[in-house]
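Enquirer: coordinates only, sequence not included:
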């Protein structure tokens, strides 16, 4: 197959070579794609040692891919394979001894009350991300119209998503602290409280989920804003001529225009809620019923040396996230991303 | 007309409310960082201004006792190498995938595609064992290798750009006798500047802010990066909010400066990175 091509190539090759103008012209034409296979296979043709040239040609892409693939396999695929293997054992992560225990770890995750409760904590973050998406959509919509100090508001809303998570954790520990920012502000409004915001499970989880809204709202907002601004302006003008008001514009122009970004955001929010870690770990360390799935997994693996059980937990989380992503890909076929 | 004015007023009101919600917690921490130990303890409330607005004593404490200088050094070292490596690896992968036809090409593409779906937090249990067995545990090479090796988003960004570079440029160079490596280095790489800027910004901010990986892989005190060093303030300075606040401000300040200086690129970078 490749051989036949090589025979057909030289004429085309010499042709383009002798007429640089023609080549440039052709490259600009819509069928310039057709040039690709020809030129790639024609190049080594004049070489005196065709076999060596051919070997080099076959090897070249692998030279470029050597380091990336080695890293990809070492740090993504090998861990996944090991993790699945560990999840069926009682390994403690250090001893040379381990026993095959079948699906025991998985059974434990779904039946032990204290292990399963972390899924309920995710519920707080899921609700928070709904609020976050709605608020981000609202601010993106109003800031896509003419507003005074637009760039200032845009910057203020976006900035938290750039801030270091540990710094955010401390900022809000002080915020919720006894006599801290929140209590002081409430006092100003004549509502002094001595409520321990991080003191009970419900209050603590609501507070932590609130912090994650504060942190991630800006990212959603900027993505929505970008999507809204890429909608052609004529659409709004045409709608205005037809007598559409802002509400109609939102419903019939903006919403359909940002649908891809919106679904992507929903997926990222779901997997983000399930894998919440930084804010709760930094602020409460998982105390008072704020332990999330990832905190629990990290503790199982690195504090209690239950590598087998932790691996099973990680496999479960991975499967849930893959499932959510798969559902999204089915619901919204992604036409932009095709690597092939 | 009045209804319109009312809507406008509500819009501005909501924007001002949001601004307060964002800036108030940060502003209070800035105020606290300038207070003395006595001032924070006397219960005068979080919103009172410091007696001496130029009291930088807490910053000195954070720098000297909190090890923030070492932390910035470690972060800078890790950041430069891993961002540089990500740029090289991402652009090489994109070049190989887009410009060559080879056996198993589809398999390679699928490997990268599927890896993009796997969230890093889930696999650390097993990644830890591998990093450990490679002897990289508790060295700065552990986060560097992980940041370089598990970034699929940047490969997507580079791939988009490599595709937009006309293949006729490669051909012209090849006719002049350039080999694949020269073409990558002299033609593709220089034309990837906008993509490189995007990756440097998105990756740079991610590495600067990351807590999980350095926390897991570099427990040593002298290997603290800014996240983990700041996190360690929690122990010794537990009740010293003025010192903790100074540490937090020290970490946030560079981000603010970079944001103000590179606003446009940052917005574009994140939009490109997310919608890949």
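Expert: Received the coordinates, thanks. As the structure is a computational prediction, the values presented were derived from the model and not from experiment.

Enquirer: all helices in the stretch 1-150 of chain A, in order from the N-terminus.
Expert: A:2-18, A:20-28, A:35-42, A:50-72, A:78-86, A:104-111, A:113-116, A:118-144, A:150-158 (DSSP state H, counting those that start in this stretch).

Enquirer: Take those helices and write them to a markdown table, including mean pLDDT.
Expert: Shown next, in a markdown table, are the helices of the stretch 1-150 of chain A (pLDDT from 0 to 100):
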| stretch | mean pLDDT |
| --- | --- |
| helix A:2-18 | 37 |
| helix A:20-28 | 37 |
| helix A:35-42 | 41 |
| helix A:50-72 | 86 |
| helix A:78-86 | 94 |
| helix A:104-111 | 90 |
| helix A:113-116 | 82 |
| helix A:118-144 | 93 |
| helix A:150-158 | 95 |
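
Enquirer: Residue of chain B closest to chain A, please.
Expert: Chain B approaches chain A most closely through residue B:149 (3.1 Å), counting by C-beta to the nearest C-beta. Where C-beta positions appear, they are placed from N, C-alpha and C, glycine not excepted.

Enquirer: ok, that residue - contacts?
Expert: Neighbouring residues of residue B:149 by C-beta atoms under 8 Å, 6 or more residues apart in numbering or on different chains: A:71-72, A:74-76, B:89.

Enquirer: circling back: format the helices of the stretch 1-150 of chain A as TSV; extra columns: mean neighbour count.
Expert: Shown next, in TSV, are the helices of the stretch 1-150 of chain A (neighbours: other C-beta atoms under 10 Å in any protein chain shown):
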stretch	mean neighbour count
helix A:2-18	13
helix A:20-28	13
helix A:35-42	18
helix A:50-72	16
helix A:78-86	19
helix A:104-111	16
helix A:113-116	11
helix A:118-144	19
helix A:150-158	18
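
Enquirer: Any idea which of those gets closest to residue B:191?
Expert: Closest to residue B:191 of the helices of the stretch 1-150 of chain A is helix A:20-28 (C-beta to C-beta; 15.2 Å).

Enquirer: Packing partners of the helix or strand harbouring residue A:300?
Expert: With secondary structure defined by DSSP states H and E, residue A:300 is part of helix A:293-302. The contact analysis (3 or more C-beta pairs under 8 Å, 6 or more residues apart in numbering or on different chains; DSSP states H and E) places helix A:293-302 against helix A:118-144, helix A:278-283, helix A:307-331, helix B:120-133.

Enquirer: Any residues of the stretch 101-250 of chain A in contact with chain B? List them.
Expert: A:138-139, A:142-143, A:147-148, A:151, A:153, A:155-160, A:162-167, A:170-172, A:174-175, A:177, A:179-181, A:183-185, A:187-188, A:214, A:219, A:222-223, A:226-227 (C-beta under 8 Å from any C-beta of the partner chain).

Enquirer: Can you select the buried ones from those residues in PyMOL?
Expert: Entered in PyMOL, the line below selects the buried ones among these, by 16 or more other C-beta atoms under 10 Å in any protein chain shown:
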select buried, chain A and resi 138+139+142+143+147+153+155+156+157+158+159+160+162+163+164+165+166+167+170+171+172+174+175+177+180+181+183+184+185+214+219+222+223+226+227
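
Enquirer: Could you check how many residues crowd around residue 189?
Expert: Assuming you mean chain A. Residues near residue A:189, counting by other C-beta atoms under 10 Å in any protein chain shown, number 7.

Enquirer: not quite, I wanted chain B
Expert: Every residue meeting other C-beta under 10 Å relative to residue B:189 is counted, giving 17.

Enquirer: So for it, what's the nearest residue that isn't a sequence neighbour?
Expert: In space, and not counting its chain neighbours, residue B:189 is closest to residue B:91: 6.1 Å by C-beta to C-beta, 6 or more residues apart in numbering or on different chains.

Enquirer: Contact partners for the residue lying closest to residue A:78 once chain neighbours are set aside?
Expert: Take residue A:78 and drop its neighbours on the chain: the residue closest to it by C-beta to C-beta, 6+ apart is residue B:130, 5.9 Å away. Taking C-beta under 8 Å, 6+ apart, we find residue B:130 in contact with A:74-75, A:78-79, A:82.

Enquirer: Kindly report the same for residue B:212.
Expert: Residue B:212 makes contact with A:277-278, B:120-121, B:124 under the criterion C-beta under 8 Å, 6+ apart.

Enquirer: what about it, distance to residue B:132?
Expert: With the distance defined as C-beta to C-beta, to the nearest Å, residue B:212 ends up 16 Å from residue B:132.

Enquirer: Mind checking what secondary structure residue A:243 has?
Expert: coil (DSSP: H, G, I helix; E, B strand; the rest coil).

Enquirer: Tell me how many other residues crowd it.
Expert: Quick note: residue A:243 (other C-beta under 10 Å) scores 7 neighbours.

Enquirer: Give me the pLDDT for it.
Expert: If you check residue A:243, the pLDDT there is 81.

Enquirer: Just confirm residue A:262 contacts residue A:224, I think it does.
Expert: Yes - counting by C-beta atoms under 8 Å, residue A:262 does reach residue A:224; the two are 7.5 Å apart.

Enquirer: and the two? which has more neighbours close in?
Expert: Between residue A:262 and residue A:224, residue A:224 has the larger neighbour count (other C-beta under 10 Å), namely 24 against 20.
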